[in-house]
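# need coordinates for the below:
(chains A and B)
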Amino acid sequence: MEHFALWLAAFLTLGIISFLYKDNAWYKLTESIFIGLSAGYWMVSLFWDNFYGKFWVNKSESPYLYVGAVLGLLMLLRLVPRIGWISRWPLSFIVGATSGLWLINYFSSNIMKQIEATILPLFSAQFGSGFDAGAAAIIGNLVIVTGTFSGLVYFFFSKEHKGAFGRTAKLGIWIIMITFGASFGYTVMSRMSLFIGRIDFLLSDWLGMIL
Amino acid sequence: MPKIAANPDLKAGSAFFMYLFFLLLLPQVTGAQQNIIPDDTFFQGGRSGEVPAETYPLPAINIVVGDNPNDAGETINITWDRSPDDFTGGKVKEYRIFRAEVIDGQPGEYKEVGDIPAGKTVYSYQDGNTRDGVSYYYVVQAVNFLKINNELAWLAETLSEPAGPVKSAAQWFDWRRSNALIGVLLLSSFIIIFIRQARSGKELFIRKIAGLEAVDEAVGRATEMGKKIFYIPGLSDMDNMQTIASITILGRVAELAAQYETWLEVPVCRSMVMVTAKEVVKEAYSKVGRPDAFQEDQVHYLTDDQFGYAAGIDGMVVRERPATIFFMGTFYAESLILAETGNSIGAIQIAGTAMPSQLPFFVAACDYTLIGEELFTASAYLSKEPKLLGSIKGQDMGKAVMLVAIITGIIMETFGIWDFSSLFSVIE
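Reported below is the predicted structural model:
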């Protein structure tokens, strides 16, 4: 059984990789198995973990959970054409509640923290320590401040990017692109490690070529 | 018998007499307190032989108990000053915290809720297992012990005066986050002011965003080629702002597709997104007078699995060869796989996401990319609704305030005037 599972995993891995050559029957078969299996797995997992787990096994006493259950049932009403419009209520609730809940979190993480991290004493190692920063720290501070400032200017939508404002915005998009370049290289390396993981599986686990 | 290290702090005459006084008093103190706390809570490790009387430490002092402020309740803070015997080589090895529920106005049975090793000046303990509205008393026990070969030889403990009663309670507002409230109110007021201006008929300028200008062109291209449009709303559910922004753009794309009679296909990986996207596309078709052209299977579910979803879309892209592909929403590692596959068949691709780590891949493989906030601006840009345009102008004002704050803060911090950045520190 273990050998069968190993061969099946290798067969399916090669099937997915075969897409690099071109779309083919092997890939189609693997793709269908992958989608069908994962869709089924997620459905079963969500049912047993959330629905059965919370309402039958743990019998949660939290009233909020039952509000969620009622909203879920309302969502299913779209299967009944005559009263399907009721399913819009839970949707509206989710979209509205999400916006409200995330507002403060995003404001804190995307605005407050960013401003705090950008307000730097340019020539000091830390606030109040005098002009004691080294050359590398000063350059680092200047890059952070200039990059954030010009990047923020790029994201002004209600003012045309002309003159000094436009040049600052252009500097901003350049800095953003340089950051993307660095991020691209870094992420490609991590993707390569994923690919190496699959090749390692084929060569060591399946073929036993690497001990 | 173990040797008791001499206490250098007690060499002074007055301190010595105090010490003698407490030594004489200790057996009475512990005897009285054992009525409050049963023996078995103390001697869990077992002991052999008698406890030498001089090993009992002086109790912890200044016990202060209070509700933990700015929280969701169920937590009480206990602070105390160290016992006079708490110093390096002293008689306090650790402190144990005991709690008793108030029953008929009196503390009931004390139970241990936690312990802290000795060695500090001021101690604090957070009891995060209380019931809101219930009154409690607390005592802190100074503990001395000797272990020989990892076996407890003796254990000597002294209780503090009880502190209480105290109740835990939830607070409606976390005052430490007032700065966030002020910021949100400021931003909201800018948005409201500019929405009012826009509604009153004032022209609001929005600069051109290339990725959004290209939406009409991309849909038109698919129409001319007689091919499909794919719209991929990303991996997240409806509780993600990027998905909500994506669904808004989908409405505009669906309107254009309905007008031009071009097939729009929306494969999704979340059931909630499927339901919402269906509603939005259906409404868009009705809005342009083509409700008959809408078909339920235009918006369809693939799988919740990240790479299963990517594999499915890749297969559809190479088989059906759409002329235009939109990637709008939250994307993770599958972004490059999807965008490269679309690129390989020569489709015009417009992407938009606020995921910083995925943006480089979209920039590299797509024709147009909406970077971060451009995605959230799209709904206003495409609809030109005064309400939405006003909100963009309001947000820009917010950004202007941020820039001013950054410049002011840098000047102040550089010249050591004031730690301005502390205004923006966030309490998690």
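# now A:Glu116: how far from B:Phe420?
To B:Phe420, A:Glu116 is 9 Å away according to C-beta to C-beta, to the nearest Å. To be clear about C-beta, it is placed using only N, CA and C from the backbone, and glycine gets the same treatment.
# for the helix or strand hosting A:Val143, packing partners?
Element membership of A:Val143 [criterion: DSSP states H and E] is helix A:135-154. With contacts taken as 3 or more C-beta pairs under 8 Å, 6 or more residues apart in numbering or on different chains; DSSP states H and E, helix A:135-154 sits against helix A:113-118, helix A:163-200, helix B:386-414.
# just the angle between that helix and helix A:163-200, please?
Between helix A:135-154 and helix A:163-200, the angle comes out at 110 degrees (axes from the mean of the first three to the mean of the last three C-alpha atoms, to 10 degrees).
# tell me the mean pLDDT for helix A:135-154?
The average pLDDT for helix A:135-154 rounds to 93.
# one more: stretch B:88-99?
Mean pLDDT, computed over stretch B:88-99, is 87.
# send me it as CSV with only the CA atoms.
C-alpha atoms of stretch B:88-99 as CSV (Å, rounded to 0.1, in the frame of the first residue of the first chain):
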residue,chain,number,x,y,z
THR,B,88,20.4,37.4,46.8
GLY,B,89,21.0,34.5,49.1
GLY,B,90,17.9,35.5,51.1
LYS,B,91,15.1,33.4,52.4
VAL,B,92,12.6,33.9,49.6
LYS,B,93,12.9,31.5,46.6
GLU,B,94,9.5,32.2,45.0
TYR,B,95,6.1,33.8,45.5
ARG,B,96,2.9,32.0,45.1
ILE,B,97,-0.4,33.8,44.5
PHE,B,98,-3.6,32.5,46.1
ARG,B,99,-7.2,33.5,45.3
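# where does the prediction get shaky in the stretch 1-150 of chain B?
B:1-50 (pLDDT under 70).
# can you pull the pLDDT of the residue positioned nearest the centre of chain A?
With distances taken as C-alpha atoms, centre = their mean, A:Thr187 lies nearest the centre of chain A, 13.2 Å away. Per-residue pLDDT puts A:Thr187 at 84.
# pretty sure it sits against B:Ala364.
No: shown here, A:Thr187 and B:Ala364 do not form a contact pair, counting by C-beta atoms under 8 Å, at 10.9 Å.
# residues in contact with the helix holding A:Val143?
Helix A:135-154 is contacted from outside by A:114, A:117-118, A:120-123, A:125, A:133, A:161, A:165, A:168-173, A:175-176, A:179, B:399, B:402-403, B:406-407, B:410, using C-beta atoms under 8 Å, 6 or more residues apart in numbering or on different chains.
# same thing but at 6 Å, please
A:118, A:120, A:122-123, A:168-169, A:171-173, A:175-176, B:399 (C-beta atoms under 6 Å, 6 or more residues apart in numbering or on different chains).
# then stretch B:386-401?
So stretch B:386-401 is contacted by A:152, A:156-158, B:187, B:190-191, B:194-195, B:198-199, B:204, B:377, B:379-380 (C-beta under 6 Å, 6+ apart).
# lowest-confidence one in the residues you listed?
The member of the contacts of stretch B:386-401 with the lowest pLDDT is B:Ser379, at 78.
# what's the closest non-adjacent residue to the residue of chain A positioned farthest from its centre?
Note on chain A: the largest C-alpha distance from the chain mean falls to A:Gly130, namely 41.0 Å (C-alpha atoms, centre = their mean). Using C-beta to C-beta, 6 or more residues apart in numbering or on different chains and skipping residues adjacent in sequence, the residue nearest A:Gly130 is A:Ser124, 6.2 Å away.
# follow-up on the earlier one: now do the residue lying closest to the residue nearest to the centre of chain A once chain neighbours are set aside against A:Ser183, distance only.
Nearest residue to A:Thr187, sequence neighbours excluded (C-beta to C-beta, 6+ apart): B:Ser357, at 5.8 Å. Per C-beta to C-beta, B:Ser357 is found 6 Å from A:Ser183.
# hang on, the earlier thing: tell me the buried residues within the contacts of stretch B:386-401.
Buried members of the contacts of stretch B:386-401, scored by 16 or more other C-beta atoms under 10 Å in any protein chain shown, are A:152, A:156-158, B:187, B:190-191, B:194-195, B:198, B:204, B:377, B:379-380.
# tabulate the residues you listed (CSV), appending distance to B:Leu159 and secondary structure.
Converted to CSV, the buried ones among the contacts of stretch B:386-401 look like this (distance: C-beta to C-beta, whole Å; DSSP: H, G, I helix; E, B strand; the rest coil):
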residue, distance to B:Leu159, secondary structure
A:Leu152, 59, helix
A:Phe156, 65, coil
A:Phe157, 66, coil
A:Ser158, 67, coil
B:Leu187, 53, helix
B:Phe190, 58, helix
B:Ile191, 59, helix
B:Phe194, 64, helix
B:Ile195, 64, helix
B:Ala198, 69, helix
B:Leu204, 70, coil
B:Thr377, 64, helix
B:Ser379, 65, helix
B:Ala380, 66, helix
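# show me the shaky parts of chain A.
For chain A, applying pLDDT under 70 flags the ranges A:59-61, A:211.
# interface residues of it facing chain B?
Within chain A, the positions near chain B by C-beta under 6 Å from any C-beta of the partner chain are A:23, A:31, A:34-35, A:38-39, A:42, A:91, A:94, A:98, A:104, A:107-108, A:112-113, A:115-116, A:118-119, A:121-122, A:127-128, A:152, A:155-158, A:160, A:180, A:183-184, A:187.
# are any of these buried, and if so which?
A:23, A:31, A:34-35, A:38-39, A:42, A:91, A:94, A:98, A:104, A:107-108, A:112, A:115-116, A:118-119, A:121-122, A:127, A:152, A:155-158, A:180, A:183-184, A:187.
# helix, strand, or coil at the residue nearest to A:Gly130?
Three-state call for A:Ser124 (DSSP: H, G, I helix; E, B strand; the rest coil): coil.
# correct me, but it touches A:Ala133?
Yes: contact criterion C-beta atoms under 6 Å: A:Ser124 and A:Ala133 qualify, at 5.4 Å.
# give me every residue that touches B:Phe415.
B:Phe415 touches nothing, counting by C-beta under 6 Å, 6+ apart.
# retrieve the pLDDT associated with it.
88.
# buried deepest among the helices and strands packed on helix A:135-154, which one?
Ranked by mean neighbour count, the helices and strands packed on helix A:135-154 are led by helix B:386-414 with a mean of 19 (mean count of other C-beta atoms under 10 Å in any protein chain shown).
# what about that helix, distance to the chain center?
Centre-to-centre, helix B:386-414 and its host chain are 24 Å apart (C-alpha atoms, centre = their mean, to the nearest Å).
# which among the helices and strands packed on helix A:135-154 is found nearest to B:Gln106?
Closest approach to B:Gln106 among the helices and strands packed on helix A:135-154 (C-beta to C-beta): helix A:113-118, 48.9 Å.
# what does the closest one contact?
A:148, B:402, B:405-406, B:421, B:424-426.
# need the CA coordinates for it. CSV is fine.
Only the C-alpha atoms of helix A:113-118 are listed here, as CSV (Å, rounded to 0.1, in the frame of the first residue of the first chain):
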residue,chain,number,x,y,z
LYS,A,113,2.9,51.9,12.4
GLN,A,114,4.2,53.1,9.1
ILE,A,115,4.3,56.7,10.2
GLU,A,116,6.0,55.7,13.5
ALA,A,117,8.6,53.7,11.7
THR,A,118,9.3,56.6,9.3
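# name the residues of the helix or strand harbouring A:Ala5 that come out as buried.
According to DSSP H and E, A:Ala5 maps onto helix A:2-17. Within helix A:2-17, the residues scored as buried using 16+ other C-beta under 10 Å are A:10, A:12-13, A:15-17.
# now swap in stretch B:198-209 and tell me
By 16+ other C-beta under 10 Å, the buried positions in stretch B:198-209 come out as B:198, B:204, B:206, B:209.
# so who does the third one touch?
What it means is B:Ile206. A:Phe157.
# how is chain B divided into domains?
Annotated domains of chain B cover B:8-166, B:175-191+B:389-424, B:204-384 [automatic domain parsing].
# hey, which of the ones you listed is tucked in deepest?
Most buried among these, counting by mean count of other C-beta under 10 Å: domain B:204-384, with a mean of 20.
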